[in-house]
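Asker: With the input below, show me the fold.
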Amino acid sequence: MATIEVKIEINSNLDNVWDVISDIDKEPKFWKGTKQVKNISKEGNIINREITIAFRDQKCLQQVTLEPKKQIKAKFTKGILNGEKIMTITPKGEKTILDTVWDIKLTGMMSMFTGMIKKHIKSGTEQAMKSIKEEIER
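Answerer: Residues are numbered from 1 along each chain as shown. A predicted model of the protein is given here:
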């Protein structure tokens with residue numbers, strides 16, 4: 001498994017940060033590695049969805065759990081990726097810390113390339129967090 005962590009401080013309160021990151025249908029706007037999102041079902045704070053990732057236009061299934069104003073946990077349940085991405089928000093005075101942690105690996109024959117994609121995912125995460133910060137601080 002590849003573990004990747006990226007943190008960023010956002011000059012805004014927890015509510016504003018949550019409003020942006022919890023609108024998970026807009027994920028492709030910030031996360032360039034996610035090309036398309038299609039919701040399959042929603043029950044309470046759990047959303048099952050299909051995403052198309054930029055890596056060879058692969059489709060993956062995810063179960064996303066929203067813990068309001070705390071975290072978003074996206075667990076990959078089927079496809080080329082196995083593992084999860086967890087986004088956590090923590091208030092820090094008048095600011096908010098956004099922390100994203102990936103714990104993933106490629107599945108099947110592609111698993112040998114997990115280390116190679118780690119740098120790519122970290123770079124994409126840094127870009128996404130910067131875009132989220134810019135959107136909120138406008």
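Asker: CA atoms for contacts and neighbours, from now on please.
Answerer: OK.
Asker: Phi and psi next, for residue 110.
Answerer: Note on residue 110: its backbone torsions stand at phi -80, psi -10 [degrees, to the nearest 10].
Asker: That one: neighbouring residues, count only.
Answerer: Residue neighbour count, defined by other C-alpha atoms under 10 Å, stands at 11 for residue 110.
Asker: Render the CA-only coordinates of the lowest-mean-pLDDT helix or strand in the chain in CSV, please.
Answerer: Lowest by mean pLDDT, DSSP states H and E among the helices and strands of the chain is helix 114-137, with a mean of 92. What follows is helix 114-137, C-alpha atoms only, in CSV (Å, rounded to 0.1, in the frame of the first residue of the first chain):
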residue,chain,number,x,y,z
THR,A,114,1.8,1.2,-7.0
GLY,A,115,5.2,2.9,-6.0
MET,A,116,5.4,4.6,-9.4
ILE,A,117,2.0,6.2,-9.1
LYS,A,118,2.5,7.4,-5.6
LYS,A,119,4.4,10.6,-6.7
HIS,A,120,1.7,11.3,-9.3
ILE,A,121,-1.1,11.0,-6.7
LYS,A,122,0.7,13.2,-4.2
SER,A,123,1.2,15.9,-6.9
GLY,A,124,-2.5,15.6,-7.9
THR,A,125,-3.5,15.9,-4.2
GLU,A,126,-1.4,19.0,-3.7
GLN,A,127,-2.9,20.6,-6.8
ALA,A,128,-6.5,19.7,-5.6
MET,A,129,-5.9,21.1,-2.1
LYS,A,130,-4.5,24.3,-3.6
SER,A,131,-7.5,24.7,-5.9
ILE,A,132,-9.9,24.0,-3.0
LYS,A,133,-8.1,26.6,-0.9
GLU,A,134,-8.2,29.2,-3.7
GLU,A,135,-11.9,28.6,-4.2
ILE,A,136,-12.7,29.1,-0.6
GLU,A,137,-10.5,32.1,0.0
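Asker: Done for today, thanks.
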